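[1] Fold the stuff below for me.
(4 chains)
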2 protein chains.
Amino acid sequence: MVGKRLAGRRQGVTLSEVARRAAVSEITVSRILRNTGPIAEATRLRVLQAVRETGYVPNRLAGGLASSGSKLVGVIVPSLTNIVFPEVLGGIRAALVGTGFQAVIGVSDYDLAIEEELIASLLAWRPEAMVLAGFEHTPAARAMLDNSAVRVAELMDIDSAPIDLAVGHSHWQAGHDSGRYLVGRGYRRFGYVGHDWMADRRAKLRHDGLVAALAEASLALVESVRNVGPSSTQAGRDALAALLARGSTPDVVVFSNDDMALGGVFHCLGAGIRPKDDLALFGFNGLDIGQALPMPLSTMRSNRFLTGKTAIDRVLAQRERPGKTEIIDTGYQILPGATA
Amino acid sequence: MVGKRLAGRRQGVTLSEVARRAAVSEITVSRILRNTGPIAEATRLRVLQAVRETGYVPNRLAGGLASSGSKLVGVIVPSLTNIVFPEVLGGIRAALVGTGFQAVIGVSDYDLAIEEELIASLLAWRPEAMVLAGFEHTPAARAMLDNSAVRVAELMDIDSAPIDLAVGHSHWQAGHDSGRYLVGRGYRRFGYVGHDWMADRRAKLRHDGLVAALAEASLALVESVRNVGPSSTQAGRDALAALLARGSTPDVVVFSNDDMALGGVFHCLGAGIRPKDDLALFGFNGLDIGQALPMPLSTMRSNRFLTGKTAIDRVLAQRERPGKTEIIDTGYQILPGATA
DNA sequence: GTCTATAATGACAGCGCTACCATAGCCCCT
DNA sequence: AGGGGCTATGGTAGCGCTGTCATTATAGAC
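    Reported below is the predicted structural model:
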């Protein structure tokens, strides 16, 4: 008696039904649908017709189990509301198109414990690769990744030693280059407006690089405000107002990112402060919206799309985890803009 | 001879290895990990210890196949760079937390053919439910959804008949209400700035509602510019400049959404046009960034988070597709702002 | 002390595919 | 005639779990 567990269960069309209808064996249908092995054209057409007639939808759970390979790539990003991560995902998608692979996306909310859960849960789908943001993971997460032997790409950051592959750019260096650039343009009294460093370690790295560059020019931040909580335009606006209320008179304020800097521009526009003429403003990321401002934001563009795409390209090109780690720098460029 | 297919294949820890180590049967381990059935506390601890020691990660492909249920929810959004969709995903995640379900996200790029592919590909994972944006699908996509018998939630829009469940608000009505509101505030010469309607049918519905409201007040658009391509701040900025260059003198411009309206505000700020005093601007969506402007954007807030959350809550509350369709209105609110 | 409920565990047969090997027919060499 | 190398197809045994039935201990009822 076949199918005793079918009772009462919604049951779809299976391979064997298609095979029966096309008068071939299951394996032949399977081969046709996966484009493997030699198949007579007449058979192919007959089977595809049967597939159409039955509305057959392959069961990837079964397929993945049988072939021990899910054709899945697990991706964990800290946030989707920070536009840089959707842009990374765009690069990932671009690299995945036509490969038969599919991304499964998790969002950690900048919380390592959630990231750990997501890693466990995504590994349960036996992905071919895992893509994470940054180098910080819980020890348990780290252990799972090591155990799994899947390829692991850590994105955005290249300032630490990766598990397997890192793709991104140096945030410390970017902060440092910002500082040198602005010092070179004649600014001397630096203010800093940032957001929560606990969650966003890369923002802190940029800050540290900036401070180091200032020190090399015998300068230091004259004022610094850090907002608790994530970056946002409103937070940047409030924080700049708070910084200026303290009475010191910076000639330039560096923001932890463009979202914050945008808020800074808005504060200036609302308070009658002329960006650059009265107070220079500098961001990080090079978001499109910053370049659409009446005065384009002076900032640094990071290559998010390229980062995502490069990571997937590399990982798919070499499926087994190689013996040694690799670091790929996708760089950044200064956007001069009109606010600094 | 067991495991003849193991040769050369990366092989993880399986249930049976954990079972052997804890000296129980596989099914007992399975029960413990799924919290079902009566289990002695001592056994549970022993098994969990064995799980920890081996670094066992369950294989969901096998689990899903055996239980014909993947604990997956397929989600297809048109875009991730338009911030409203990440916000919907936020609501979906919030509703999924603690349920054991996981979302698999696909991005269609506003392309129905891509949506169709994604539907096929997500259905292959035997999800418990599918969440889509809007009512427009290819006939083949529609057929697959009908065949699959999974629950289908169509989000954002409630202006058509759903397959199963629709959650969102009426875009026509929102456009209509915008028009009535602005007429009520004394505006008479309406301009419209929009983006591509082919891809974004909801934008067209809002436009049509607006035009209908104007007609009821014996008014009509005095000028209208539609950008080809997706909405963006830069597009809004360019389109408003183009509209004003045509020489007509609107007293208010309604934008297809906040991204476009933001560009409009930027154009005004750059061109010395005072928002509201010289030209009123009205958006749609109620994005945070619009409210952080020097003059908060006058707009309409749609409840994206609530939309995502409500859809999942409903779908999980009733797993079988019910006989009749349901429509849930998550509404919208006018944000008076300072630009109209 | 027997009988029935309940708690705790296990045996076994699939879930729907695909890897692996085998087979059959055919053509071309030597 | 025999052999080697194709092309096209099929049989079979899993992949690693879980649903469905047992089965055995243990407690409580009378």
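[2] partner residues bridging residue A:302?
    With DSSP bridges as the criterion, residue A:302 is bridged to residue A:332.
[3] Might one say that it is in contact with residue A:174?
    Yes - counting by Cβ atoms under 8 Å, residue A:174 is a contact partner of residue A:302 at 7.5 Å. From N, CA and C alone the C-beta is placed, and that goes for glycine too.
[4] what touches both of those two?
    A:284, A:332 (Cβ atoms under 8 Å, 6 or more residues apart in numbering or on different chains).
[5] So for the two, which residue has more residues nearby?
    residue A:302 (27 against 22; other Cβ atoms under 10 Å in any protein chain shown).
[6] Let me see the contact set for the more buried one.
    A:84, A:168-169, A:174, A:284-286, A:330, A:332.
[7] which of the residues you listed has the most neighbours?
    Neighbour max across those (other Cβ under 10 Å) = residue A:168, 30 neighbours.
[8] that older thread, for residue B:271, state which of the contacts of residue A:302 is nearest.
    Distance to residue B:271, by Cβ to Cβ, is smallest for residue A:286 among these, at 24.3 Å.
[9] Tally up the residues packed near the nearest residue to that closest one once chain neighbours are set aside, please.
    Closest residue to residue A:286 apart from its sequence neighbours, by Cβ to Cβ, 6 or more residues apart in numbering or on different chains: residue A:301 at 2.8 Å. Per other Cβ under 10 Å, the neighbour tally for residue A:301 reads 17.
[10] Narrow the contacts of residue A:302 to those in helices?
    Mapping the contacts of residue A:302 onto helices (DSSP state H) picks out A:84, A:174.
[11] Just give me the closest of the contacts of residue A:302 to residue A:338.
    residue A:286 (14.0 Å).
[12] residue contacts, the residue nearest to residue A:286?
    Counting by Cβ under 8 Å, 6+ apart, residue A:301 has contacts A:285-286, A:332-335.
[13] which among the residues you listed are in contact with DNA strand D?
    Among the contacts of residue A:301, none lies close to DNA strand D by the criterion of Cβ under 7 Å from any atom of the strand.
[14] Please render these as a markdown table that adds pLDDT to the earlier fields.
    Shown next, in a markdown table, are these (pLDDT from 0 to 100):
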| residue | pLDDT |
| --- | --- |
| A:285 | 97 |
| A:286 | 97 |
| A:332 | 97 |
| A:333 | 97 |
| A:334 | 97 |
| A:335 | 97 |
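[15] Turn those residues into TSV, columns for distance to DNA strand C.
    Formatted as TSV, the contacts of residue A:301 follow (distance: Cβ to the nearest atom of the strand, whole Å):
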residue	distance to DNA strand C
A:285	42
A:286	43
A:332	42
A:333	44
A:334	49
A:335	48
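[16] for residue A:77, what are its contacts?
    A:85, A:88-89, A:105-108, A:133.
[17] List phi and psi for it.
    phi -120, psi 150 (degrees, to the nearest 10).
[18] I'd like the distance between residue A:47 and residue A:37.
    From residue A:47 over to residue A:37 the distance is 13 Å, taken as Cβ to Cβ, to the nearest Å.
[19] which one of those two has more residues nearby?
    residue A:47 (24 against 10).
[20] ok, the more buried one touching residue A:23?
    No - with contact defined as Cβ under 8 Å, residue A:47 does not reach residue A:23; the gap is 9.5 Å.
[21] in the stretch 151-300 of chain A, which ranges drop under the pLDDT threshold?
    Under the criterion pLDDT under 70, no range of the stretch 151-300 of chain A is flagged.
[22] what residues does it put near chain B?
    A:232-234, A:237, A:262-263, A:266-267, A:269-270, A:288-289, A:291-295 (Cβ under 8 Å from any Cβ of the partner chain).
[23] Just the buried residues from these, in PyMOL please.
    Per 16 or more other Cβ atoms under 10 Å in any protein chain shown, the buried members of those correspond to this PyMOL selection:
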select buried, chain A and resi 232+233+234+237+262+263+266+267+269+289+291+292+293+294+295
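[24] tell me the contacts of residue A:209?
    A:170-179.
[25] TSV for those residues, including distance to residue B:313?
    TSV is the format used below for those (distance: Cβ to Cβ, whole Å):
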residue	distance to residue B:313
A:170	44
A:171	39
A:172	44
A:173	46
A:174	42
A:175	43
A:176	48
A:177	48
A:178	45
A:179	49
